[in-house]
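> model this:
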Amino acid sequence: MEARLHDIWAELLGRDRIGPDENFFDLGGHSLLAMQAAARIADSFRVAMHSNSLFEAPTLEKLARAVEAARRMDPAELIQPGNRDSEIPLSLAQQRLWILDQMDGPSEIFNMVRVFRLEGPLQLTVFAAALAGVAGRHDNLRTSFALTRNGPIQVVTSEYQNVLSVEDLSDVPENRREVALDALLTDAHAHCFDLASGPLWRVIVIRLTENSHVLHLAMHHIISDDWSIQVLLRELSERYSSLVNAEPNPIPELAVQYSDYVRWQRQWLTGERLVRQLDYWREQLWGAPSLAVLPLDRPRSDGGEFQAYMVRFEIEAGIAMGLHDLARDAESTLFVTLLAAYAALLSRFGNAGDLVIGTAIANRYPVETEALIGFFVNTLALRLRWQPRATFREMQACAHRAAVGAYAHPDVPFDQVVDALQLERSAFYNPLFQTLFVLQNVPKEELLLPGVAAAAMELERTTAGATFDLTLSLKQTRGGELSGALEFNAALFDRFTIERLAADFRNLLASIVQHPDEPVAGQISTTGLPDRSRTTVYR
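Predicted coordinates:
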């Protein structure tokens, strides 16, 4: 058992030898890899397994015992290819976005956008053929949505609808070309997809010179998520390369499609399993504060339309290493450690002792879903409760408990959790939490085209699914640093406020690394943000 688990770990962690007592998270594991490991263990051993199992049994020796004790998986827990001629319902996650689209109309808020600068001789005909090949492999790239007497359904066409268009700026004078490019990208960002007609993704190649292009890729969130974009870029790269080199298609056919997952989900998340998960969320979130106190510059009632902007910052390698050490000492993860630090930062504004922070999970379970393009991601509400004089290690333990419990109950869509709690909804803020924390563990999104150097272009403004007041996202860099971004609703915050908040977070992390056993409340030095715990706050 340990040997078979070793092979799964070794592949995911990129290691040849792993001892039976070595900790998964010490070896570079994180929550996303834990989810992948759990899915592969479930598939290999036919047992029910979730990512929290690796938090509770983080060594091969302990995990082997946990797998031995797990019940056998029944046939209902395996995704099977289905009849694609019958009506295909929406997944539980898709259903929410479809309803929002029906209520508010088409919007660019749910566009997922990636932009790359391409330097080198791009073969446009080959690139178009590669796009068609990827679309032929994934039903979701040929999907639109229709309303029937039985409710909304997915409509999958057999024919590929061209999504590629080319814009030529090579005749624009060089001193005005970047301005013209910005205008084109702005228009592309603002495109609204029609869910009823499709296609729900589009690709624009903007020609700057003969060997210099910009690629704009946009997908509606209802057919995609961050993981899916990674799948799309990888397959597009492989298809393009094989066509350029006149080699056979290297990508095998998919065993199942997203529609098969939808039918499986609708059957699997029912009965006792659904009741058990909903009972967990009711118990955890009952009585939680409905509204976080944030350092808003304007009241939510005056917020108007959502306008997402971003402030980026860096956390030096020495502090990042100290945070890793704190995670290892607590037998926890970097995600949990950073979540606790974020809660400590927000506690200063009047959230002391009880705070709900959201997080997004890939939710790629069972293992067959890893290869699919589709909307799988779910949002979890993590409730942290701590004592007034809590040290950072105590807050870290609170965050650990919240994360482990949530990862064991990840399947119920967030909207169903809200409905189960019978929460009153408001037009001015999201229910349960208004701030999100994400540690980006998805591999770097790369487009690898032979003879063409592709570099991702950072976007200053984004609206891709950004519907929260404030979102903190962090990712590890190759140099050991942590790269951070605070995405904020510009209708509520001034940029200067968010810049100061980012500086305060960096200061707090440095203090935590040095003094993890001292009360956190005394470590939050600020760069000038008003102490909203003692003043009137905007709610």
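> in stretch 425-445, what counts as buried?
By neighbour count on 16 or more other Cβ atoms under 10 Å, the buried set for stretch 425-445 is 429-441. Using the backbone N, CA and C atoms, a C-beta is placed for each residue, glycine as well.
> from those residues, which is closest to residue 160?
Closest to residue 160 out of the buried residues of stretch 425-445 is residue 440 (31.2 Å), distances taken as Cβ to Cβ.
> so the closest one makes contact with residue 477?
No: proximity of residue 440 to residue 477 does not meet the contact threshold set by Cβ atoms under 8 Å, at 10.6 Å.
> can you classify the residue nearest the centre of the chain as helix, strand or coil?
For the chain, the residue sitting closest to the mean C-alpha position, by Cα atoms, centre = their mean, is residue 360 at 5.1 Å. Under DSSP: H, G, I helix; E, B strand; the rest coil, residue 360 falls in the strand class.
> and the closest residue to residue 456 other than its chain neighbours, how far is that from residue 458?
Nearest in space to residue 456, with sequence neighbours left out and distances taken as Cβ to Cβ, 6 or more residues apart in numbering, is residue 116 at 5.7 Å. For residue 116, the distance to residue 458 equals 11 Å [Cβ to Cβ, to the nearest Å].
> how about residue 479?
Going from residue 479 to residue 458 by Cβ to Cβ gives 17 Å.
> quick one: contacts for residue 405?
Residue 405 is in contact with 52, 280, 284, counting by Cβ atoms under 8 Å, 6 or more residues apart in numbering.
> residue 408 is in contact with the first one, correct?
Yes: counting by Cβ under 8 Å, residue 52 does reach residue 408; the two are 4.1 Å apart.
> wasn't residue 158 part of a helix?
No: judged by three-state DSSP, residue 158 forms no part of a helix; its state is coil.
> number the chain from 38, please
Taking 38 as the first residue, the last one we looked at is residue 195.
> my read: it touches residue 179, true?
Yes: Residue 195 is within contact range of residue 179, at 7.5 Å (criterion: Cβ under 8 Å).
> the two: which is more packed in?
Taking other Cβ atoms under 10 Å, residue 195 and residue 179 do not tie; residue 179 has more neighbours (20 against 8).
> and this protein, what are its domains?
Domain assignment for the chain by automatic domain parsing gives 39-112, 125-297, 328-482+490-565.
> how about those in TSV, adding mean pLDDT?
Rendered in TSV, the data for those read as follows (pLDDT from 0 to 100):
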stretch	mean pLDDT
domain 39-112	81
domain 125-297	94
domain 328-482+490-565	88
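> out of the ones you listed, which gets nearest to residue 311?
Distances from residue 311 to each of these were compared using Cβ to Cβ; the shortest belongs to domain 328-482+490-565, at 6.9 Å.
> what segments of the chain are strands?
Counting by DSSP state E, the chain forms strands over residues 125-126, 148-156, 180-185, 188-193, 201-205, 238-246, 249-257, 345-352, 391-398, 415-422, 472-477, 490-493, 507-513, 519-526, given from the N-terminal end onward.
> sheet-wise, list the partners of the third one with their directions.
Meaning strand 180-185. Take DSSP bridges as the rule and strand 180-185 pairs in its sheet with strand 188-193 (antiparallel).
> the last one too?
Each strand paired with strand 519-526, and its direction, by DSSP bridges: strand 345-352 (antiparallel), strand 507-513 (antiparallel).
> got the CA coordinates for it in PDB?
These are the backbone C-alpha positions of strand 519-526, laid out as PDB (Å, rounded to 0.1, in the frame of the first residue of the first chain):
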ATOM      1  CA  LEU A 519       5.500  35.400  -2.700                       C
ATOM      2  CA  SER A 520       3.900  37.500  -5.400                       C
ATOM      3  CA  GLY A 521       0.700  39.100  -4.200                       C
ATOM      4  CA  ALA A 522      -2.300  41.100  -5.500                       C
ATOM      5  CA  LEU A 523      -5.200  42.800  -3.900                       C
ATOM      6  CA  GLU A 524      -8.100  43.100  -6.300                       C
ATOM      7  CA  PHE A 525     -10.700  45.600  -5.100                       C
ATOM      8  CA  ASN A 526     -13.900  47.200  -6.100                       C
END
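> tell me if I'm right that residue 391 and residue 322 touch.
No: the criterion here is Cβ under 8 Å, and residue 391 misses it with residue 322 at 10.9 Å.
> give me the more crowded residue out of these two.
For residue 391 versus residue 322, the count of surrounding residues by other Cβ under 10 Å is larger for residue 322: 19 against 14.
> name all residues that make contact with the more buried one.
With contact taken as Cβ under 8 Å, 6+ apart, residue 322 is in contact with 393, 418, 420, 454, 458, 469.
> could you redo the last one with a cut-off of 7 Å?
Taking Cβ atoms under 7 Å, 6 or more residues apart in numbering as the definition of contact, the neighbours of residue 322 are 418, 420, 458, 469.
> beta partners of the residue nearest to residue 493?
residue 252, residue 493.
> what about it, distance to residue 254?
Noted for residue 153: a distance of 8 Å to residue 254, by Cβ to Cβ.
> again with residue 248
As judged by Cβ to Cβ, residue 248 and residue 254 stand 20 Å apart.
> so those two - more neighbours on which side?
Set residue 248 next to residue 254 and count neighbours by other Cβ under 10 Å: residue 254 wins out with 22 against 13.
> quick check, the more buried one in contact with residue 240.
Yes: here residue 254 reaches residue 240: they are 5.5 Å apart, a contact under Cβ atoms under 7 Å.
> check contacts around the residue nearest to residue 436 when sequence neighbours are not counted.
If the residues on either side of it in the chain are set aside, residue 436 comes closest to residue 377, at 3.9 Å by Cβ to Cβ, 6+ apart. When contacts are counted by Cβ under 7 Å, 6+ apart, residue 377 touches 429, 432, 433, 435, 436.
> then residue 167?
So residue 167 contacts 273, 276, 277, 280 (Cβ under 7 Å, 6+ apart).
> which one of those residues sits closest to residue 545?
Each of the contacts of residue 167 was scored against residue 545 by Cβ to Cβ, and residue 273 proved nearest at 40.8 Å.
> can you get me a residue count around that closest one?
Should you count by other Cβ under 10 Å, residue 273 turns out to have 20 residues around it.
> is it true that it touches residue 170?
No: using Cβ under 7 Å, residue 273 and residue 170 do not qualify as a contacting pair, with a distance of 8.6 Å.
> find the residues that touch each one of those two.
Applying Cβ under 7 Å, 6+ apart, one finds that no residue jointly contacts residue 273 and residue 170.
> and residue 289, how far from residue 174?
As for residue 289, its distance to residue 174 is 9 Å (criterion: Cβ to Cβ).
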